[in-house]
Every structure is written in structure tokens, then in C-alpha cells.
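K.L.:
can you look at this prediction? I've put the sequence above it.
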Amino acid sequence: MTRPETFVSQQMTHRKPTLNNIPEPVAEIHILNFTREIYNLEIKADIINRIRSEEKFSSLEELKNQIEKDIQCLKL
């Protein structure tokens, strides 16, 4: 049996309030330093720590800046 690979990632469950505020929350996982094509494959994600609650930002640029800050928290 092969051991599963482990990667650092950022998982977000949100309604995308900055972009379009969809009615049902969606889960998205951003895997750091990962370039393989894994769409439509099953993955397992363990949540280890919570960084922050969902927020609505005044601009897409502000959202991107916050995501960068969130990623830096993962690298500590």
C-alpha cells in the first residue's frame, strides 16, 4: 500500500461575498506549490487550523492581498 502524499493547502468555504455572493457556500482548496492536473479526482483534506472568518472586501485587489497574507500564515 502506498502512502498518500501530503501537501500544505488553504481551504475556503464561502459564498464569495466580494465577487457575487452566491446563495450556497462552496468549498475551494488551494494547494501551495502544486501544478499537477487533479480536476475530477477525489482528494482528502484535513482541516488543521482556522485562519479567519469569511469577509466581504471593497475590491478584488483587497481580496487578493488578504489571500496572500493568509498564505503567509500557512508558511510559518
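P.N.:
Nice, I can see it. Remember, predicted model here, so these are calculated numbers, not experimental data.

K.L.:
could you pull out the strands for the chain?
P.N.:
Here the chain has its strands, by DSSP state E, at 9-14, 26-31.

K.L.:
how many other residues sit next to the nearest residue to residue 62 once chain neighbours are set aside?
P.N.:
Once flanking residues are discounted, residue 62 sits nearest to residue 18: 7.9 Å by C-beta to C-beta, 6 or more residues apart in numbering. C-beta coordinates here come from the backbone N, C-alpha and C atoms, glycine included. Counted with other C-beta atoms under 10 Å, residues neighbouring residue 18 total 18.

K.L.:
residue 18 contacts residue 63, correct?
P.N.:
Yes: under the criterion of C-beta atoms under 8 Å, residue 18 makes contact with residue 63 at 4.8 Å.

K.L.:
what sits in contact with each of the two?
P.N.:
residue 57 (C-beta atoms under 8 Å, 6 or more residues apart in numbering).

K.L.:
thought residue 73 was touching residue 48?
P.N.:
No: with contact defined as C-beta under 8 Å, residue 73 does not reach residue 48; the gap is 11.6 Å.

K.L.:
helices along this structure, start to end?
P.N.:
Using DSSP state H, the helices found in the chain span residues 60-75.

K.L.:
so where's it uncertain?
P.N.:
Filtered on pLDDT under 70, the chain yields the residue ranges 76.

K.L.:
how about 90 then?
P.N.:
1-30, 32-33, 39, 41-54, 71-76 (pLDDT under 90).

K.L.:
I'd like to know how far the residue nearest to residue 62 sits from residue 47.
P.N.:
For residue 18, the distance to residue 47 equals 22 Å [C-beta to C-beta, to the nearest Å].
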